[in-house]
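Novice: sequence and predicted structure, then a few things I'm wondering about:
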Amino acid sequence: MARIRPVAGGGRAVEVAPERLAGWFARFADRHEGVATTRTTPAHVLVTARDEATAEVTAAYAEFTSMGEVEGLAIDPLLANATTSRRIGLLLVRLGGHSIGVAQDGEVLVSTTDSRQVHGRNKAGGWSQQRFARRREGQARVALQAAADDAVRVLLPRLAELDAVVLGGDRQALDLLRADRRLEPVFARASPRILDVPEPRRTVLDDAARRARAVEIVVRD
């Protein structure tokens, strides 16, 4: 089943596997009285239906072959881009753990996963709360340091062979990792899309590797 999430400004984002893109757009056309135009620029593909519904894709890893605006459904540049073989770095982080790896066409080739205890928030007040907060901050700092060290070990030596890096997990944890100067080259190669994932485990990394291949289509009816 395709993953769907709401997007700002209205509409929804749908993750579609490259092999199912042609069928997805054919069904989109059927649902919306056919396709009026397709506009392809290096950064976007915008399909506009006859009832004015739209389906838009933003280039994630490489530019599309620009075709300008044409009548009807014309998504060959999108299909070619989506099905290209790619090697991708994966960096999934939450405060309690991380999973990092390299995947080729949805299959994980190299990986490391670690979990660290980070206590939840304490509702008690006074000194007890302050001590608990300091302890939690210390645990989070240790967990993030471990994630940074593993990212340096797994991703940095292989960065030249990667087409992109896909991030996932907690945005706050990822922002804290950005402060580590060792990881500047990693974040410089990161795709804008951030995967929403649960506590990182190896099975979560496998799923993220498959999702990283998927094309995210923003649909507005």
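Specialist: All right, it came through fine. Everything numeric in this text was worked out from a predicted model, so none of it was measured. Residues are numbered from 1 along each chain as shown.

Novice: what is the burial count for D76?
Specialist: Residues lying near D76 (other CB atoms under 10 Å) number 14. For the C-beta atoms, the positions are set from N, CA and C on the backbone; glycine is no exception.

Novice: same check on A179?
Specialist: 10.

Novice: can you check the pLDDT for it?
Specialist: According to the prediction, A179 has pLDDT 93.

Novice: test my guess that H98 contacts L90.
Specialist: No - between H98 and L90 there is no contact under CB atoms under 8 Å: 10.3 Å.

Novice: now find how far off-centre stretch 171-184 is within its chain.
Specialist: 16 Å (CA atoms, centre = their mean, to the nearest Å).

Novice: start and end of it, how far apart?
Specialist: 16 Å (CA to CA, to the nearest Å).

Novice: which is the next helix or strand following the helix or strand of the chain with the lowest mean pLDDT?
Specialist: Least confident element among the helices and strands of the chain, by mean pLDDT, DSSP states H and E: helix 126-154 (a mean of 73). Helices and strands here follow DSSP states H and E; after helix 126-154, the next one along the chain is strand 164-169.

Novice: so which elements touch the helix or strand following that following strand?
Specialist: Next helix or strand after strand 164-169 toward the C-terminus (DSSP H and E): helix 171-178. Judged by 3 or more CB pairs under 8 Å, 6 or more residues apart in numbering; DSSP states H and E, the packing partners of helix 171-178 are strand 87-94, helix 126-154.

Novice: quick one, helices of the chain?
Specialist: Here the chain has its helices, by DSSP state H, at 21-31, 76-82, 126-154, 171-178, 184-188, 202-213.

Novice: relative to strand 164-169, how tilted is the fourth one?
Specialist: Pointing back at helix 171-178 there. 130 degrees (axes from the mean of the first three to the mean of the last three CA atoms, to 10 degrees).

Novice: what do you get for the first one?
Specialist: With the same axes, to 10 degrees defining the directions, helix 21-31 sits at 60 degrees from strand 164-169.

Novice: C-alpha coordinates for helix 21-31, PDB please?
Specialist: Once non-C-alpha atoms are left out, helix 21-31 reads as follows in PDB (Å, rounded to 0.1, in the frame of the first residue of the first chain):
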ATOM      1  CA  LEU A  21       4.500   5.100 -11.800                       C
ATOM      2  CA  ALA A  22       3.000   4.500 -15.300                       C
ATOM      3  CA  GLY A  23       0.000   2.700 -13.800                       C
ATOM      4  CA  TRP A  24      -0.500   5.400 -11.100                       C
ATOM      5  CA  PHE A  25      -0.600   8.200 -13.700                       C
ATOM      6  CA  ALA A  26      -2.900   6.200 -15.900                       C
ATOM      7  CA  ARG A  27      -5.300   5.900 -13.000                       C
ATOM      8  CA  PHE A  28      -4.900   9.600 -12.100                       C
ATOM      9  CA  ALA A  29      -6.000  10.400 -15.700                       C
ATOM     10  CA  ASP A  30      -9.000   8.100 -15.500                       C
ATOM     11  CA  ARG A  31     -10.100   9.700 -12.200                       C
END
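
Novice: which other residues reach it?
Specialist: 14, 16, 35, 47, 49, 53, 55, 73, 75, 78-79, 82, 215, 217, 219 (CB atoms under 8 Å, 6 or more residues apart in numbering).

Novice: chain center to it: distance?
Specialist: 23 Å.

Novice: go through that helix and flag the buried ones.
Specialist: L21, A22, W24, F25, F28, A29 (16 or more other CB atoms under 10 Å).
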